[in-house]
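K.L.:
what's the 3D shape of this:
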Amino acid sequence: MDFESEVNVKNAAQNIKFAQPSISRKPLELLRDTEALLRRPTVTTLVPILPPKISNNLQMASSLAEESLKELAEIDLEQISDWELRPARIRVGLSFVGFGALMIVLLLLYLNSLHPELTPVEQIGKYWYQYVWFVCLGVAGMFILGREAMRPTKNLQKPNKR
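P.N.:
Residues are numbered from 1 along each chain as shown. Presented below is the predicted three-dimensional model:
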């Protein structure tokens, strides 16, 4: 008896056709629609059971979110230049560095106030993974800032059209 398959694997793999999306939507439109599909039923469910003041605040926040996301969906991501994103990248880098430093200071404050019996070596031995996380966060921020500092600025600026 011969149990070998008579299907040609190469031809079968080449004949597979995947479904293509019918409409290509922008990512911000997709975000707006997805958020709305989650938010609207939640708000309609919560409004009747909440106190009137909180219910009104929730509805106002929902309508504000609707308007904000509608404006956001109108942004064309392809039109945003690298030069326009530079301030945001710098702020993110500074936030990483600042948050990492702040958390190290808070960790040291916590250890010195609640565990004064531990020596610095014991503190690091017991809480080493927190130190590592916060130092890595600061180093990541420094890499972001260093990358921005090394970017050429003449090539990124938009020429003034007059």
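K.L.:
give me phi/psi at residue 57?
P.N.:
The phi and psi values for residue 57, taken as degrees, to the nearest 10, are phi -60, psi -40.
K.L.:
For residue 66, see how far away it is.
P.N.:
Computed with Cβ to Cβ, to the nearest Å, the distance linking residue 57 and residue 66 is 15 Å. For glycine as for every other residue, the C-beta is placed from the backbone atoms N, C-alpha and C.
K.L.:
any idea which element residue 37 lies in?
P.N.:
helix 27-46 (DSSP states H and E).
K.L.:
Just the mean pLDDT for that helix, thanks.
P.N.:
Averaging pLDDT along helix 27-46 gives 92.
K.L.:
In this protein, where is pLDDT below threshold?
P.N.:
Within the chain, the segments meeting pLDDT under 70 span 1-15, 19, 21-23, 155-162.
K.L.:
Longest helix in it, please.
P.N.:
Criterion DSSP state H: the longest helix present in the chain is helix 82-114.
K.L.:
Pull up the distance across stretch 116-123, start to finish.
P.N.:
Length of stretch 116-123, first residue to last, Cα to Cα, to the nearest Å: 9 Å.
K.L.:
Just give me how far that stretch sits from the chain centre.
P.N.:
Going by Cα atoms, centre = their mean, to the nearest Å, the spacing between the C-alpha centre of stretch 116-123 and its chain's C-alpha centre is 36 Å.
K.L.:
contacts for that stretch?
P.N.:
Taking contacts as Cβ atoms under 8 Å, 6 or more residues apart in numbering, the residues outside stretch 116-123 that touch it are 111, 115, 126.
K.L.:
Nearest residue to the last one in space, please, no chain neighbours.
P.N.:
In this structure, residue 126 finds its nearest non-sequential neighbour in residue 118, 6.8 Å apart by Cβ to Cβ, 6 or more residues apart in numbering.
K.L.:
So the one you found: helix, strand or coil?
P.N.:
Three states are possible here, and by DSSP: H, G, I helix; E, B strand; the rest coil the one that applies to residue 118 is coil.
K.L.:
Number of residues surrounding it?
P.N.:
15 (other Cβ atoms under 10 Å).
K.L.:
ok, the spatially most central residue of the chain - contacts?
P.N.:
Taking Cα atoms, centre = their mean as the criterion, residue 92 is the residue nearest the geometric centre of the chain, at 11.1 Å. Neighbouring residues of residue 92 by Cβ under 8 Å, 6+ apart: 141, 144.
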